[in-house]
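J.: coords please:
(one chain, ligands or ions: 1)
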Amino acid sequence: MQNRPKGGEDLNLWNIVSRQFDKAAATMSYPEGLLRQIKACNAVYYVQFPVRIGDRYEIFEGWRAEHSQHHKPTKGGIRYSEMVTQEEIMALAALMTYKCAIVDVPFGGSKGGIRFNPKKYTRDQLEKITRRYTAELVRKNFIGPGLNVPAPDLGTGEQEMAWMADTYDALTHGEDTDAFACVTGKPISQGGIHGRREATGRGVQYGIREAFKFKDDLKKFGITGGLEGKRVAIQGFGNVGTHVAKFLSEEDGCRVIAVGDVNGGVVNQDGLNIAALIEHRAKTGNLIGFPGAKDLPGAADVLEIECDILVPAALENQITLENVGRVKTKMIAEAANGPTTPGADEALNARGVMVIPDIYLNAGGVTVSYFEWTKNLSHMRYGRMEKRLEEINREKLVTSIEQMSQLRFPERMRKDLVGGPDEIDLVNSGLEGTMQSAYRDIRQALQEDKRLGDLRTAAFAVAIGRVARAYNELGVFP
Ligand code: NAD
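T.: A predicted model of the protein is given here:
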């Protein structure tokens, strides 16, 4: 991850995020000390802990970084990967601060991880590792509903979050009624929220939809027409990639022509049937060999397919100076964190490719995590109190229209009009509104200050402005 590939590009994520920050900060007039404070990572906890695996002990290395406490709790995912490093965790924590600020979610940024390959361990071993890591976080106050709230990231999911919540609850003596708000991304039965699993993919869909509303902006990048029929290529077919593929093809009429993952991918210019592809992957463990499609043997081949929208949804540093010349798209929608290196980003900007940046576009996950956290604190499912009342009021309105017009709505339409919102409807509408207003804020910043130059720098400027305001209002305290 922290490597230097051909061309000598510095791919240390902390350095990359710092430079992006500096570029935006250079257009702003905040005191230098305040900017330094916003940029710094406030605290990093590094721990080594032993876990008995079979008949031996293994030592695991873990981290939890808190980038900024201008709002509390701090928030960010837990990553299980052999590539985890301290600087990467610090950088991802910083991105969380900016991401939360952009979508106006009142959290500071955090991130955590353990350096190991979870695929090499059994479920029981993963449970032991997760519980031990959580115990270390409890010991040092790096987890808690009002302190620091983890969520899933690469290599973790609902199961790990349930183990973490249960461990936190047990170690805090089971007395804290808000204990399960100590993590988000939990299973529904453990206080999770409908729509969290697909939230990042949904947010990506809503963000792309919003960008497509501003036709004059798109024209500058040679993009015409609506989303319908647009050719989409997606790298990564995990949680984020599968949902983006599904939503864009099934709901927006896009043609998802290529999909790839770590083992290679497939391409079909007529569009891939995503539901069938998910089934094929579940059966065979691979995308390649999908009937009717051509195989793409390399993990990065999909990035070079000619398309209208390219969605990197796998890892960081995928579009680099080495391959950017072969990327043939008009729009890059960054679903993954840090998929485009700074050199590649510059080349894309110079070539007139529109890049919707990660710090905005993949913020759907943390937005719905915020909804889950508030749901846990209120101890009630969204919509429970108002659903029936809403139905009664809608029923009255529909009946009045029918009486006045002497006509009756067709039964199916009537049912749709009268039904009150479920939790998933409220979550998705809250997420859509959030993604819409955040995009407009970024766009407005770019229009008001042309020095910002691109959506990424404008997004950083919006974030810095919001964090700076919070620090200014808090003042400096010992
Ligand atoms: P995941 O583990 O579910 O899926 C990752 C996918 O990437 C898999 O299909 C895997 O095969 C593929 N992949 C891994 N290495 C690859 C390589 N070298 N080349 C090509 N493909 C490769 O992870 P996810 O949750 O879908 O996350 C994907 C990205 O989105 C990450 O950058 C993550 O940080 C970011 N993200 C995720 C969330 C979330 O809610 N899950 C939120 C914000 C950002």
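
J.: element containing residue 58, please.
T.: In this structure, residue 58 is located in strand 56-66 according to DSSP states H and E.

J.: Can you list the buried residues in that strand?
T.: For strand 56-66, a neighbour-count test (16 or more other CB atoms under 10 Å) marks 60, 62-66 as buried. Any C-beta I mention is one placed from the backbone N, CA and C, and that applies to glycine too.

J.: and if you look at stretch 432-452?
T.: Neighbour-count burial for stretch 432-452, with 16+ other CB under 10 Å as criterion, is recorded at 432, 434-435, 438-439, 441-443, 445-446, 452.

J.: So what are the sheet partners of the strand holding residue 58 and their directions?
T.: For strand 56-66, the pairing partners within the sheet under DSSP bridges are strand 43-53 (antiparallel), strand 108-114 (antiparallel).

J.: ok, and for the first one, which residues are buried?
T.: Spelled out, it's strand 43-53. Using 16+ other CB under 10 Å as the test for burial, strand 43-53 gives 43-45, 47, 51, 53.

J.: just the residues you listed that are near the ligand?
T.: On the criterion CB under 6 Å from any ligand atom, none of the entries of the buried residues of strand 43-53 sits beside the ligand.

J.: which one of those is nearest the ligand?
T.: Of all those, residue 44 has the smallest distance to the ligand: 18.7 Å, by CB to the nearest ligand atom.

J.: And the residue lying closest to the closest one once chain neighbours are set aside, what's its pLDDT?
T.: Nearest-residue entry for residue 44: residue 65, 4.6 Å, with adjacent residues in sequence omitted and distances by CB to CB, 6 or more residues apart in numbering. pLDDT recorded at residue 65 is 98.

J.: Show the contacting residues for the closest residue to the ligand within the stretch 351-478 of the chain.
T.: Of all residues in the stretch 351-478 of the chain, residue 365 sits closest to the ligand, with a separation of 3.2 Å (CB to the nearest ligand atom). For residue 365, the contact set (CB atoms under 8 Å, 6 or more residues apart in numbering) comprises 77, 151, 185, 196, 199-200, 203.

J.: overlap between those and the residues near the ligand?
T.: Among the contacts of residue 365, the residues within reach of the ligand (CB under 6 Å from any ligand atom) are residue 200.

J.: quick one, what contacts residue 150?
T.: Applying CB under 8 Å, 6+ apart, we find residue 150 in contact with 64, 76-78, 110, 112, 137, 143, 161, 164, 182-184.

J.: ok, 7 Å please
T.: 76-78, 112, 143, 164, 183 (CB atoms under 7 Å, 6 or more residues apart in numbering).

J.: Bridging across strands, which residues link to it?
T.: residue 76.

J.: can you map out the strands along this protein?
T.: 43-53, 56-66, 74-80, 108-114, 148-152, 231-235, 255-261, 264-267, 294-296, 309-312, 331-333, 354-356 (DSSP state E).

J.: Switch those strands over to JSON lines; also include distance to residue 321.
T.: Below are those laid out as JSON lines (distance: least, CB to CB, whole Å):
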{"stretch": "strand 43-53", "distance to residue 321": "30"}
{"stretch": "strand 56-66", "distance to residue 321": "28"}
{"stretch": "strand 74-80", "distance to residue 321": "25"}
{"stretch": "strand 108-114", "distance to residue 321": "26"}
{"stretch": "strand 148-152", "distance to residue 321": "31"}
{"stretch": "strand 231-235", "distance to residue 321": "17"}
{"stretch": "strand 255-261", "distance to residue 321": "20"}
{"stretch": "strand 264-267", "distance to residue 321": "22"}
{"stretch": "strand 294-296", "distance to residue 321": "22"}
{"stretch": "strand 309-312", "distance to residue 321": "15"}
{"stretch": "strand 331-333", "distance to residue 321": "15"}
{"stretch": "strand 354-356", "distance to residue 321": "15"}
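
J.: among the ones you listed, which is nearest residue 406?
T.: Comparing the strands of the chain against residue 406 with CB to CB, the closest turns out to be strand 255-261 (45.3 Å).

J.: Which strands and helices lie in contact with that closest one?
T.: Secondary-structure packing of strand 255-261 (3 or more CB pairs under 7 Å, 6 or more residues apart in numbering; DSSP states H and E): strand 231-235, helix 239-251, strand 264-267.

J.: can you do 8 Å?
T.: Packing contacts for strand 255-261, counted by 3 or more CB pairs under 8 Å, 6 or more residues apart in numbering; DSSP states H and E, involve strand 231-235, helix 239-251, strand 264-267, helix 274-284.

J.: which parts of the stretch 201-350 of the chain sit against the ligand?
T.: Contact residues (CB under 6 Å from any ligand atom) of the stretch 201-350 of the chain with the ligand: 235-241, 260-262, 299, 313-315, 335-337.

J.: coming back round to it: buried subset of the contacts of residue 365, written for ChimeraX?
T.: In ChimeraX, the members of the contacts of residue 365 classed as buried (16+ other CB under 10 Å) are selected with the following command:
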select :77,151,185,196,199,200,203
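
J.: Among the contacts of residue 365, which lie within helices?
T.: 199-200, 203 (DSSP state H).

J.: is it true that residue 229 touches residue 255?
T.: Yes - proximity of residue 229 to residue 255 meets the contact threshold set by CB atoms under 8 Å, at 6.3 Å.

J.: follow-up on the earlier one: which one of the buried residues of strand 56-66 is nearest to residue 18?
T.: When the buried residues of strand 56-66 are compared for distance to residue 18 (CB to CB), residue 65 wins out at 14.3 Å.

J.: Enumerate every residue touching that closest one.
T.: When contacts are taken as CB under 8 Å, 6+ apart, residue 65 is in contact with 41, 43-45, 76, 86, 89-90, 92-93, 110-112.

J.: Domain boundaries for the protein, per the record?
T.: Domain assignment for the chain by automatic domain parsing gives 40-190, 199-361, 383-421.

J.: rank those domains by pLDDT, which is bottom?
T.: Set side by side, these show their lowest mean pLDDT on domain 383-421, which sits at a mean of 93.

J.: Endpoints of that domain, how far apart?
T.: Chord length of domain 383-421, first to last residue, is 7 Å (CA to CA, to the nearest Å).

J.: Centre of the chain to it, how far?
T.: Domain 383-421 sits 36 Å away from the centroid of its parent chain (CA atoms, centre = their mean, to the nearest Å).

J.: all numbers from here: first residue = 207
T.: With 207 as the first residue, the last one maps to domain 589-627.

J.: Tell me the buried residues in it?
T.: Counting neighbours by 16+ other CB under 10 Å, the buried set in domain 589-627 is 589, 593, 604, 615, 620, 624, 626-627.

J.: Which of those sits closest to residue 681?
T.: residue 589 (39.2 Å).

J.: Now do the contacts for the closest one.
T.: 626-629, 631-632.

J.: what's the farthest-apart pair in those residues?
T.: Every pair in the contacts of residue 589 was compared (CB to CB); the two farthest apart turn out to be 626 and 629, at 11.2 Å.

J.: Quickly list what the residue nearest to residue 250 is bridged to.
T.: For residue 271, the beta-bridge partners under DSSP bridges are residue 250, residue 317.

J.: Which parts of the stretch 507-656 of the chain are helices?
T.: 548-557, 564-567, 570-584, 593-611, 617-624, 629-654 (DSSP state H, counting those that start in this stretch).

J.: Dump the C-alpha coordinates for the fifth one into PDB.
T.: Included here for helix 617-624 are C-alpha records, laid out as PDB according to Å, rounded to 0.1, in the frame of the first residue of the first chain:
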ATOM      1  CA  GLU A 617     -56.500  -0.400  -6.100                       C
ATOM      2  CA  ARG A 618     -52.700  -0.700  -6.500                       C
ATOM      3  CA  MET A 619     -52.200   3.100  -6.900                       C
ATOM      4  CA  ARG A 620     -54.400   3.600  -3.800                       C
ATOM      5  CA  LYS A 621     -52.400   1.300  -1.700                       C
ATOM      6  CA  ASP A 622     -49.200   3.100  -2.700                       C
ATOM      7  CA  LEU A 623     -50.700   6.500  -1.900                       C
ATOM      8  CA  VAL A 624     -52.000   5.400   1.500                       C
END
